[in-house]
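Participant: sequence unknown, structure follows:
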Ligand code: SAJ
């Protein structure tokens, strides 16, 4: 059976580009989102997120009639669930410590929303990054809502031949800022609960995926995604720890890393003000909360990366003291601090879980004369942190006494080095 109509539940940073890619291959796509504003924007052929090239693809798909958005699910042949999986903080009884735990309520709500329109032969794919076992849970929720249909699962007595609805986990792995290209080119991990669920999923993704679709089971696919992001988090923690050690030893960490990376088998990542975004700073907790006694290194890496913003704020406090020592006739209220970058990484506008936002928020409480922020990727100069004045790069360069570089945006790399005390968390002035 071919897939004529595909429904994508959750039209955010992953769901909308995925819906647009299917629609650009002339599949009928129904995008579903609880956010009426997102639905209305998409139905006008516009987008509510920033991602290069996506606006053109969505505009063409909507204009040609292949993509429409709605708040209520409609029948389709395949359903892809791309809703958030945030975490909630709860006390972990096994380790007796606060360990954030995954919140699967969005997946449960999405399953319950599509259940009434499911029919025999449909495919349901969970794309949201999820803890191990979530896809099987989703199949249980679907089965509870539709006792008239059969679903796969570890407890299920049905075999591939008599399962009505196939269920799989196929995690998204695209890099924000490169989503359109990576959706097509990246290899895809396909984790069906059964072999037929995997085969049907491969058939669906081959609509636009040029990378290899590699088959495994649902639990391994869930763990593969968590492993990729935890691996990156651990590697960044290593770089961040090095930066703190080097600061104490008066060694330039950027030079150190570039020297070490000349070794043929060493590839150290770059330190920074902390780890942000909605993936790398979140997903390791899905492993830690499940296996708190075993995931020691992964847990420690999270703590190292999460402590980096406070370390940067401490550096700013030292810079204030240095400024006052050098300028004995000035007081704290005479100081202007400029912060460069608010996004969670370079050349994007995404402020989610951004360490820069956290740091600037803390700097705004230091009672200096004025705190400026420069974020060239945000439209206009709308205040995003209370008490912090948004300004242009040149005005920040001319007016600040202390400059705190937080994100390596291209505009900052291309500009001259400002005069004054500099705290360069990304090593662009090295
Ligand atoms: N960062 C550093 N040093 C580095 C690299 C990154 O401090 O050397 C920081 C960034 O500044 C940022 C954070 O890490 O604050 C995360 O940025 P990122 O570019 O490493 O990753 P994301 O969150 O944009 O996207 C990741 C990707 N995962 C991997 O590279 C393993 C992407 O492929 C995933 O699809 C995405 O998470 C996701 O959705 O899970």
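Facilitator: Looks like it came in fine. Note that this is a predicted model, so its numbers are computed, not measured. Residues are numbered from 1 along each chain as shown.
Participant: by proximity to the ligand, which residue of the stretch 301-430 of the chain wins?
Facilitator: Residue nearest to the ligand within the stretch 301-430 of the chain: residue 345 (3.7 Å; Cβ to the nearest ligand atom). Using the backbone N, CA and C atoms, a C-beta is placed for each residue, glycine as well.
Participant: so that residue touches residue 277, yeah?
Facilitator: Yes - Residue 345 sits in contact with residue 277 when judged by Cβ atoms under 8 Å, with a separation of 6.6 Å.
Participant: mind listing the helices for the stretch 1-150 of the chain?
Facilitator: Listed in chain order, the helices of the stretch 1-150 of the chain (DSSP state H, counting those that start in this stretch) span residues 15-24, 36-43, 54-63, 105-114, 134-145.
Participant: for these, which one ends up most surrounded?
Facilitator: helix 15-24 (a mean of 26; mean count of other Cβ atoms under 10 Å).
Participant: tell me how far it lies from the chain's centre.
Facilitator: Relative to its parent chain, helix 15-24 has a centroid offset of 18 Å by Cα atoms, centre = their mean, to the nearest Å.
Participant: again, but for stretch 339-353
Facilitator: 12 Å.
Participant: for the ligand, what are the nearby residues on this structure?
Facilitator: Contacts of the chain with the ligand, taken as Cβ under 6 Å from any ligand atom, map to 129, 172-176, 228-229, 232, 236, 269-270, 272, 275-277, 279-280, 344-345.
Participant: show me what contacts residue 70?
Facilitator: 30, 31, 32, 39 (Cβ atoms under 8 Å, 6 or more residues apart in numbering).
Participant: please repeat the previous calculation with a cut-off of 7 Å.
Facilitator: Counting by Cβ atoms under 7 Å, 6 or more residues apart in numbering, residue 70 touches 30, 32, 39.
Participant: so what pairs up with the second one in the strands?
Facilitator: Right, the one you point to is residue 32. As for beta bridges, residue 32 partners with residue 9, residue 70 under DSSP bridges.
Participant: was I right to think it contacts residue 68?
Facilitator: No - applying Cβ atoms under 7 Å, one finds residue 32 not in contact with residue 68, separated by 10.1 Å.
Participant: mind checking what secondary structure residue 350 has?
Facilitator: Secondary structure state of residue 350, per DSSP: H, G, I helix; E, B strand; the rest coil, is coil.
Participant: ok, now how distant is it from residue 49?
Facilitator: Residue 350 is 9 Å from residue 49, where distance means Cβ to Cβ, to the nearest Å.
Participant: the more surrounded of the two?
Facilitator: residue 350 (20 against 17; other Cβ atoms under 10 Å).
Participant: pLDDT at residue 176, what is it?
Facilitator: Note on residue 176: pLDDT of 87.
Participant: swap in residue 404?
Facilitator: pLDDT at residue 404 comes out at 98.
Participant: direction included, what does the helix or strand containing residue 214 pair up with?
Facilitator: For residue 214, the host element (DSSP states H and E) is strand 213-217. If you go by DSSP bridges, strand 213-217 pairs up with strand 188-192 (parallel).
Participant: enumerate every residue touching the residue of the chain most remote from its centre.
Facilitator: Distance from the C-alpha centroid of the chain peaks at residue 329, with 46.4 Å (Cα atoms, centre = their mean). Applying Cβ under 7 Å, 6+ apart to residue 329 gives no contacts.
Participant: got the phi/psi numbers for it?
Facilitator: Per-residue torsions, residue 329: phi -90, psi 0 (degrees, to the nearest 10).
Participant: list the buried residues of the helix or strand containing residue 258.
Facilitator: Assigned by DSSP H and E, residue 258 belongs to helix 253-260. Using 16 or more other Cβ atoms under 10 Å as the burial criterion, the residues of helix 253-260 that qualify are 253, 254, 256, 257.
Participant: check stretch 344-354 too.
Facilitator: Of all the residues in stretch 344-354, those buried under the rule 16+ other Cβ under 10 Å are 344, 345, 346, 348, 349, 350, 351, 353, 354.
Participant: swap in stretch 231-249?
Facilitator: 232, 233, 234, 236, 237, 238, 239, 240, 241, 242, 243, 246.
Participant: now those as a markdown table including pLDDT and distance to residue 294?
Facilitator: As requested, the buried residues of stretch 231-249 are exported to a markdown table (pLDDT from 0 to 100; distance: Cβ to Cβ, whole Å):
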| residue | pLDDT | distance to residue 294 |
| --- | --- | --- |
| 232 | 98 | 20 |
| 233 | 98 | 16 |
| 234 | 98 | 14 |
| 236 | 98 | 21 |
| 237 | 98 | 18 |
| 238 | 98 | 20 |
| 239 | 98 | 24 |
| 240 | 98 | 23 |
| 241 | 98 | 21 |
| 242 | 98 | 26 |
| 243 | 98 | 28 |
| 246 | 98 | 31 |
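Participant: any chance of those residues in CSV, plus secondary structure?
Facilitator: Listed next are the buried residues of stretch 231-249 as CSV, based on three-state DSSP:
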residue, secondary structure
232, helix
233, helix
234, helix
236, helix
237, helix
238, helix
239, helix
240, helix
241, helix
242, helix
243, helix
246, helix
